[in-house]
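# Quick check, what structure comes out for this input:
(2 chains)
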Amino acid sequence: MTSSYDVDALLDRAHILVCCGSGGVGKTTTAAALALRAAERGRTVCVLTIDPARRLAQSMGIAALDNAPRPVAGVVPSDPAGAGRLDAMMLDMKRTFDEVVESQATPEKAEQILQNPFYVALSSSFAGTQEYMAMEKLGQIHADAQRDGTYDLIVVDTPPSRSALDFLDAPERLSSFLDGRFIKLLLAPAKGPARLMSAGFGMVTNALAKILGAQVLRDMQTFVAAFDTLFGGFRLRAQKTFELLQADGTAFLVVAAPEPDALREAAYFVERLSEDEMPLAGLVVNRASPQPMGDVSAEEAMAAAQRLRKDDADPRTAGLLRLHADRVRIVERESLLRRRFEAAHPQVPTAVVPALAGDVHDLAGLRQVGALLAGERPT
Amino acid sequence: MTLFPGVKLHVVTGKGGTGKTTVAAALALGLAEAGRQVLLTEAEGRQGIAQLFDTPPLPYEERRVAVSDSGGEVYALAIDPEAALIEYLEKFYNLRRAGSALKRIGAIDFATTIAPGLRDVLLTGKVMEAATRARRGGGRIYDAVVLDAPPTGRIARFLNVNAEVAGLARMGPIRQQADSVMNLLRSRQTAVHLVTLLEEMPVQETVDGVAELEAAGLPVGAVLVNMVREPLLPADSLDAAVAGELDGAEIAAGLKRAGLTPTDGLVAALAAEAAEHAGRVLLEAREREVLSDLGRPRIELPLLAEGADLAGLYELAARLADEGLAA
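Here you go, the predicted structure:
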């Protein structure tokens, strides 16, 4: 397999590596494999995963959620005297949110927020919270790493979002929401006389009370009021993380599979990243079908299989030939899809990773994926 | 034979990459082929339905995308939470003016993107509205509604969101709405089907998803195994193929009979391809067993050689009809 960009150079140089892509393309495995390879090349690495498969999580020792990076056993630096180390963690979004609240508010106020039914719902079930918290956690790990020199590379797996880059939109959405008039309006009764508000105020609160019920509106106001003091901090950190993602030393890898849907999503990612001036390192096409061996074309193989089937003498050889024809066709289709992507995005270098026989659930498997990512021949 | 008699709302979920949108669309087509009026809805704003049916992006409006000889029709709707909220305000509260005021100050944005789960409440609320339309007024009446739902990992939370809202709103109109959505979703009129592949992770997610749905009291329907490849090697050759013990001389003789020149390279290549294929077939057999332990009706859908185009959708629809899901 060839790799048209130098993955190893990227692993040696980057400080933050973000893997994004649609669901089901092997994003988590790619992130873990890159992190392991970087560590074995001598770097001190932390990988932040969102929702790893259970057996992979167990093999990395992060099956138990405690929301902090834990050392991964079994990392073998390629240079025996080398320093390489890998820590891994799995994001616990509610816990991350709770910790932010606890660290930012007085114990009394924190308690009040943690008990509020709106906070409970927001922190555990709101679909966008995972994205906010992934950003928050990345910011925290990075700040700690800057202060204590704990890591020189952080690899981030991104949540399987509803829309392509929800996690990039998270800070912006949060800021515009927090600056919004709606929040000010909810805060108004707590902050000053209602007559200062616009004429629409009465109508809006009446409408809200009518739709939501007065009790829900009250809970919501209590929540927003209690949360008010935290808002500034949230916004500031989200903004900082956003800037961090644009900085030198950050690189994005867009992960896809050689299928029309996944490559279409990948194209959205590529376009969004360039709009936001996020540094794109390249595309990873996972699960590529292995190149067919032998130089018999699909048509030849099918014709030969037909001849055998006519006299029904040798179902096994007929099967072998149809198998070969299938494989040639699949590889042709995948390569057509990739060429189309390349034609539309000629500036994006691509690494192709051949499909493995089974799922990856141990370090040996990750090591193998890492080698394939870096363009080494499959073993 | 009908697998789920009386089911009006078919919720289709699946891990990313398993083709759940394709299967949802095929199910809608199959139901229409049986003469039904069907609404196919999409909850995630990805416009996957429009791509499958090769139509321009769907607006927030029910558009006809397929007609059947039997008189059945498929309408499609991409649910937009913001439009659904404004529609809801107008319909139930006659709040057109307040709706635009709410929009101006960002409350609609709050409700659809920030507020806890409200987005999912609106999506499920709209599906319920379409599934329970009464004979008088209120738009087109459907015999069946198919929802292309969020992925397996989120499905129980998504469908159960109204129960959570019921916890937040202890009374009032939102509470009533949440209760009636939950009543429909937990009733015999609903079935949640899970799309999977014969691979380890999607199968594991399916097993987890079934457990979560059951725990939430939501009715689990069929397990739909997508993209199943037909076995190309005779079953009794699989073990030998995996072990690399296929007889080279036999293969060479076979190739000769088939009119090819059996070079050593070609024989070795075919044997290597066979080993990989057989390995996957054996792995698939194990995953199939895990799925059958779930004790749910299991339907296998073939891998479409030409990809999921319209002709392929009809092929899958016919298969779903044969198996009794879209009868």
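
# got a pLDDT number for A:Ser3?
For A:Ser3, the model assigns a pLDDT of 43.

# how many neighbours does the closest residue to B:Ala26 other than its chain neighbours have?
Ranked by CB to CB, 6 or more residues apart in numbering or on different chains and with sequence neighbours excluded, the top spatial neighbour of B:Ala26 is B:Leu316, at 3.6 Å. No exception for glycine: its C-beta is placed from N, CA and C like everyone else's. Using other CB atoms under 10 Å in any protein chain shown, B:Leu316 is surrounded by 25 other residues.

# surely B:Leu316 meets B:Val23?
Yes - between B:Leu316 and B:Val23 a contact is recorded at 6.9 Å, counting by CB atoms under 8 Å.

# Now the common contact residues for the two.
Counting by CB atoms under 8 Å, 6 or more residues apart in numbering or on different chains, the common neighbours of B:Leu316 and B:Val23 are B:Leu301.

# Which stretches in chain B count as helices?
Along chain B, counting by DSSP state H, helices occupy B:20-33, B:48-52, B:81-93, B:96-104, B:107-109, B:118-131, B:152-159, B:161-168, B:173-185, B:200-215, B:238-242, B:248-257, B:264-292, B:310-322.

# Would you reformat the ones you listed as a markdown table and include mean pLDDT?
Shown next, in a markdown table, are the helices of chain B (pLDDT from 0 to 100):
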| stretch | mean pLDDT |
| --- | --- |
| helix B:20-33 | 96 |
| helix B:48-52 | 88 |
| helix B:81-93 | 78 |
| helix B:96-104 | 71 |
| helix B:107-109 | 71 |
| helix B:118-131 | 86 |
| helix B:152-159 | 88 |
| helix B:161-168 | 76 |
| helix B:173-185 | 86 |
| helix B:200-215 | 94 |
| helix B:238-242 | 93 |
| helix B:248-257 | 92 |
| helix B:264-292 | 93 |
| helix B:310-322 | 94 |
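
# Deepest-packed of the ones you listed, please.
Burial of the helices of chain B is given as mean neighbour count (mean count of other CB atoms under 10 Å in any protein chain shown); helix B:20-33 ranks first at a mean of 28.

# tell me the angle it makes with helix B:152-159.
60 degrees (axes from the mean of the first three to the mean of the last three CA atoms, to 10 degrees).

# any idea of the angle helix B:20-33 forms with helix B:310-322?
Counting by the same axes, to 10 degrees, helix B:20-33 points 70 degrees away from the direction of helix B:310-322.

# Dump helix B:20-33 to CSV, keeping only the CA atoms.
C-alpha atoms of helix B:20-33 as CSV (Å, rounded to 0.1, in the frame of the first residue of the first chain):
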residue,chain,number,x,y,z
LYS,B,20,-30.3,2.0,7.9
THR,B,21,-31.6,4.8,5.6
THR,B,22,-31.5,2.4,2.6
VAL,B,23,-33.4,-0.3,4.6
ALA,B,24,-35.9,2.3,5.9
ALA,B,25,-36.6,3.4,2.3
ALA,B,26,-36.9,-0.2,1.1
LEU,B,27,-39.4,-0.9,3.9
ALA,B,28,-41.5,2.1,2.9
LEU,B,29,-41.4,1.0,-0.8
GLY,B,30,-42.4,-2.6,0.2
LEU,B,31,-45.4,-1.3,2.2
ALA,B,32,-46.5,0.8,-0.7
GLU,B,33,-46.2,-2.1,-3.1
